[in-house]
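J.: Structure of the sequence below:
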Amino acid sequence: MTTDNYAAHTYYGNALAAEGQTDAAIAEYGRALLIRPDFPEAHNNLGPALAAQGKLDDAISHFREVIRLRPHYADAYSNLGVALASQGLWESAMAAYNTALRLDPDHSRARANLQLALRAVGK
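T.: Numbers count the residues shown, from 1 in each chain. So this is what the prediction gives:
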């Protein structure tokens with residue numbers, strides 16, 4: 001159960017991230033992706049941890065990989081929007097939020113972040 005268990009590494013990474021242990025969480029997500037490079041959840045959870053360290057380009061790369069692997073994953077578009085907004089790329093961020101909302105009209109984070117982005121650009 002503990003050998004080559006990409007899900008266990010991902011969930012342990014989530015627990016570490018929740019405790020603010022970002023470096024350790026990143027390491028666990030990395031272990032998960034070494035075992036299963038096509039595991040969308042590991043990429044999607046690694047992105048915010050990287051963004052928290054200011055590694056926005058790396059985070060965006062992981063969100064784009066999630067979207068490639070699972071094109072209908074609303075959380076990935078929402079997370080991509082957050083990273084793009086953090087870089088001041090408001091139009092791209094709004095497009096990502098809108099895609100998240102098209103996929104999941106009840107996605108509250110995407111809706112709230114879209115409203116913030118609209119305010120940021122004066123709309």
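J.: now the strands for this protein?
T.: Using DSSP state E, no strands are found in the chain.
J.: Low-confidence ranges, it, go.
T.: Where the chain drops to pLDDT under 70, the residues are 1-2.
J.: care to break it down by domain?
T.: Split into domains by automatic domain parsing, the chain comes to 1-59, 72-123.
J.: Off-centre distance for the first one?
T.: Relative to its chain's centre, domain 1-59 lies at 11 Å (Cα atoms, centre = their mean, to the nearest Å).
J.: contacting residues around stretch 51-63?
T.: With contact meaning Cβ atoms under 8 Å, 6 or more residues apart in numbering, stretch 51-63 is reached by 22, 26, 43-44, 46-48, 50, 76-77, 79-80, 82-84, 86-87. (C-beta placed from N, C-alpha, C; glycine too.)
J.: Can I get the buried ones among these as something I can paste into ChimeraX?
T.: Of these, the buried ones go into a single ChimeraX selection, burial set by 16 or more other Cβ atoms under 10 Å:
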select :22,26,43,44,46,47,48,50,76,77,79,80,82,83,84
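J.: What about the contacts of stretch 51-63, which are in helices?
T.: The helices in this structure, assigned by DSSP state H, contain 22, 26, 43-44, 46-48, 50, 76-77, 79-80, 82-84, 86 from these.
J.: In stretch 116-123, which residues are buried?
T.: Under the neighbour-count criterion of 16+ other Cβ under 10 Å, stretch 116-123 has A117 buried.
J.: Output the domains of the chain in JSON lines, with distance to E65 appended to each entry.
T.: What follows is the domains of the chain, written out as JSON lines (distance: least, Cβ to Cβ, whole Å):
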{"stretch": "domain 1-59", "distance to E65": "5"}
{"stretch": "domain 72-123", "distance to E65": "9"}
